[in-house]
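need a structure here:
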Amino acid sequence: MRLIFNPESYAMMNCPFCKSDRLRNSRFQPVDIFQLLLLRLPVRCRDCIERSYVSIPEWRRIRRESLIRREKRNHRESDQRPAESHSK
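Below you'll find the model as predicted:
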């Protein structure tokens, strides 16, 4: 039997403290070892800054969204910078 993960059917994770859906990946800390053994990874809420843990598929979705957000931000910043002159 093969299990297939369908991201569209997966419910979005909300912060357990403030119920916001604005989560980002958090850095690993030594206290995370037990949660890692349970296959849960750390995330942090962008609104209330609290840490919690999510499953690996949810963590991957959050990571993908963060990368897309960063790419859009970098693209916007590069569009706003004045063009540099390369003449000598």
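
tell me which residues in whichever strand or helix holds R69 are buried?
In this assignment (DSSP states H and E), R69 forms part of helix 56-80. Judged by neighbour count (16 or more other CB atoms under 10 Å), helix 56-80 contains these buried residues: E58, W59, R61, I62. In short, each C-beta sits where N, CA and C put it, glycine included.

what pLDDT is listed against the third one?
Pointing back at R61 there. At R61, the pLDDT value in this model is 91.

how about N6?
At N6 the predicted local distance difference test score is 46.

again with P82
Checking the pLDDT column for P82, the value is 67.

looking at the buried residues of helix 56-80, which two lie furthest apart in space?
The span of these, defined through CB to CB, is set by W59 and R61 at 7.3 Å.

and P42, which of the three is it?
Of the three states, P42 takes strand under DSSP: H, G, I helix; E, B strand; the rest coil.
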